[in-house]
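[1] what's the 3D shape of this:
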Amino acid sequence: MDRRKFIKDLAICCAVSTAATAAEKAVRGAEKFLPAGDDDSDDSDISASRIPRWRGFNLQGNFAPPGQTQSRTAFDEFDFATMAEWGFDFARLPLSYWVWGRKDDWSVINEGPLKEIDRAVDLGRQYGLHININFHRIPGYCINNRELEPADLFSGTKAERDKALGAATFHWKAFAKRYKGIPNRRLSFDLINEPPKMRPYEGYLEERYVEIVNALVRGIREIDPHRLIVADGINIGQAPVMGIADLGLVQSTRGYLPKAVSHYTATWVPKDEFESFNLPRWPFTDDKGKAWDRARLKSENIDPYKPLVAKGVQIHVGEWGCFNKTPHAVALAWMEDNLSLWKEAGWGSSMWNLRGSFGVMDSERQDVQYEDFKGHKLDRKMLELLKRY
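    Prediction:
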């Protein structure tokens, strides 16, 4: 699934209405679905002070559209098995609360769709993959089509902001109850996908984000005090947040700069985020005469996080990748510079796609000689590049 289709699906997807309506059923403990023999009792768990250099992919679930029941599994076991076969160990699940809830009634949590997430968590256990549950759409906010929410978590009136934050906390507490007892080495929570773009005069957005994160963390830790929690950077996930440095969280960044390379011709990206509209090259000079190369990537993506790292905060790249319209050779050269920098920094990463327009399979690039892999079109060069780092 490519980013455009995923964004569209988030705007039209809603909860499966036939599921149970009582919230108590939705917050049952993880023991309800964990297979017998799952040993989570040892002392080898991890905390935010030191995480593995997890490497993997985002997996976008295929949930039932409005008014329909789930006729197939939302997550394909093939993806988990393939990632493990290739040596990866991390899967981020970007989720919309509309899947299990309703935007017109934030108190609703439906049981049926949550069973699909249960299954993904258990597939992670079976194949040795860490599962990172992310709210890509949370009550009151999504980086895409945020206007579809009945109240804005960041920029609404005080009453609207309070209502949205209360609902967001309610949903995260439900997940905390449901998955309490699963060790951090297997499961983490990523609070909000890509907080808003922040212009220099909009410091209040960062202050509000700090307020939101504090409330969500308190809510989760009331239920599960030791859960590993990840917070995306401010400014579309791209900038560090010093105001939450002492909360004991991992911070998640992005690997999409420059957009002129990573999102060439992508229509869902605002035009003011592109450095150039020319056919991508790497390295290159943007429309302002500024050079983009490995050194620039370091100064833009790595160096701003040094103050956080100095305070002991762990960093992970929650999303990155290159849209299929960028020439393949350019994409690989840009990717390698990013990967080498992250390896030097000790950061793990998670590509937006395993399969799809940003991924290593079924990416529909016109300039790649694909290899057949179990019925899928594999970009072998891209895969081998990822495996090297």
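
[2] Tally up the residues packed near Ala310, please.
    9 (other CB atoms under 10 Å). C-betas here are computed from N, CA, C, even on glycine.

[3] got it, and Arg161?
    19.

[4] and what of Glu85?
    Here the number of neighbours of Glu85 (other CB under 10 Å) works out to 10.

[5] go on, Asp303?
    If you count neighbours by other CB under 10 Å, Asp303 ends up with 11.

[6] cool, and Val108?
    18.

[7] beta partners of the nearest residue to it once chain neighbours are set aside?
    Spatial nearest neighbour of Val108, excluding adjacent residues (CB to CB, 6 or more residues apart in numbering): Arg102 at 4.6 Å. Beta-bridge partners of Arg102, counted by DSSP bridges, are Asp105.

[8] ok, now which ones touch the closest residue to Thr265 other than its chain neighbours?
    Nearest residue to Thr265 in three dimensions, chain neighbours excluded: Lys325, at 4.4 Å (CB to CB, 6+ apart). Residues in contact with Lys325 (CB atoms under 8 Å, 6 or more residues apart in numbering) are Tyr264, Thr265, Ala266.

[9] wait, the last one sits on Asn324?
    So that's Ala266. No: between Ala266 and Asn324 there is no contact under CB atoms under 8 Å: 9.8 Å.

[10] ok, the two, which is more surrounded?
    Neighbour count, other CB under 10 Å: between Ala266 and Asn324, Asn324 has more, with 23 against 19.

[11] what about the strands in the stretch 151-300 of the chain?
    For the stretch 151-300 of the chain, strands defined by DSSP state E, counting those that start in this stretch occupy the ranges 187-190, 229-232, 250-255, 284-285, 291-292.

[12] Throw these into JSON lines and include mean pLDDT, thanks.
    What follows is the strands of the stretch 151-300 of the chain, written out as JSON lines (pLDDT from 0 to 100):
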{"stretch": "strand 187-190", "mean pLDDT": "98"}
{"stretch": "strand 229-232", "mean pLDDT": "98"}
{"stretch": "strand 250-255", "mean pLDDT": "98"}
{"stretch": "strand 284-285", "mean pLDDT": "98"}
{"stretch": "strand 291-292", "mean pLDDT": "98"}
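
[13] which one of those strands lies closest to Glu364?
    strand 250-255 (21.3 Å; CB to CB).

[14] mind listing what the closest one pairs with, with the direction of each?
    strand 229-232 (parallel), strand 315-320 (parallel).

[15] Buried ones in stretch 121-130, by neighbour count?
    Val121, Asp122, Leu123, Gly124, Arg125, Tyr127, Leu129, His130 (16 or more other CB atoms under 10 Å).

[16] Which strand in the protein has the most residues?
    strand 130-138 (DSSP state E).

[17] ok, the helix or strand following that one: who's next to it in the sheet?
    The C-terminal neighbour of strand 130-138 among helices and strands, as given by DSSP states H and E, is strand 141-142. Sheet pairing of strand 141-142 (DSSP bridges) gives strand 130-138 (antiparallel).

[18] List of residues touching the partner strand?
    Taking CB under 8 Å, 6+ apart as the rule, strand 130-138 contacts 10, 52, 54, 56, 89-98, 117, 120-121, 124, 142-143, 153, 168, 171-172, 175, 179, 185-193, 230, 318, 350.

[19] Buried subset of those, written for ChimeraX?
    Typed into ChimeraX, the next command selects the buried ones out of the contacts of strand 130-138 (criterion: 16+ other CB under 10 Å):
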select :10,54,56,89,90,91,92,93,94,95,96,97,98,117,120,121,124,142,143,153,168,171,172,175,179,185,186,187,188,189,190,191,192,193,230,318,350
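
[20] any chance of the strands paired with strand 250-255 in JSON lines, plus distance to Ala215?
    JSON lines is the format used below for these (distance: least, CB to CB, whole Å):
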{"stretch": "strand 229-232", "distance to Ala215": "12"}
{"stretch": "strand 315-320", "distance to Ala215": "21"}
